[in-house]
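Engineer: I would like the atomic coordinates for the input below:
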Amino acid sequence: MTTLAELNVTPMLDLAFVLLIIFMITAPLLASRVDLIIPTTRAKRDAVAAEDTVIIEMNKEGLLEFEGLVMTETELRARVAEELVGREELGVLIRADASLTLGTVMPVLDLLKDEGVVDVGFMARSDP
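Structural biologist: Have a look, this model is predicted:
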């Protein structure tokens with residue numbers, strides 16, 4: 001009976017080819033990664049209190065609702081100015097329909113900026 005003295009390299013080559021294929025697939029994915037540099041600030045500010053926050057809703061047709069009342073942009077401007085009277089700051093949350101474009105929402109953002117509201121956020125629905 002004779003013993004085979006050669007090393008079987010087939011399993012080692014199979015493993016090398018599998019690893020090569022894995023690296024060939026993952027390398028382009030790693031190269032296309034976007035590095036984000038998040039801006040920072042030294043300003044320390046707390047969030048606006050809930051009682052100083054109002055909600056503006058926009059439906060599919062672009063109708064504006066301020067705290068549940070349907071109004072035009074002119075009425076909204078007047079109402080925001082009323083809300084700012086006697087307050088140090090006002091927070092506004094915009095809840096817009098998903099089908100609206102940014103161009104539809106921008107006039108509301110411009111209106112808020114013109115009135116001096118700087119704390120604006122957007123509301124979203126979380127998936128169940």
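Engineer: CA atoms for contacts and neighbours, from now on please.
Structural biologist: Fine.
Engineer: Strands of this protein, start to end?
Structural biologist: 53-58, 64-66, 69-71, 91-96, 119-122 (DSSP state E).
Engineer: Summarise which helices and strands the fourth one is packed against.
Structural biologist: Contact partners of strand 91-96 among helices and strands, from 3 or more C-alpha pairs under 8 Å, 6 or more residues apart in numbering; DSSP states H and E: strand 53-58, strand 119-122.
Engineer: Including distance to Leu7 and mean neighbour count, could the strands of the chain go into TSV?
Structural biologist: Shown next, in TSV, are those (distance: least, C-alpha to C-alpha, whole Å; neighbours: other C-alpha atoms under 10 Å):
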stretch	distance to Leu7	mean neighbour count
strand 53-58	73	18
strand 64-66	78	20
strand 69-71	82	13
strand 91-96	68	19
strand 119-122	65	14
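Engineer: For this structure, which segments count as helices?
Structural biologist: Taking DSSP state H, the helices of the chain run over residues 10-31, 73-84, 102-115.
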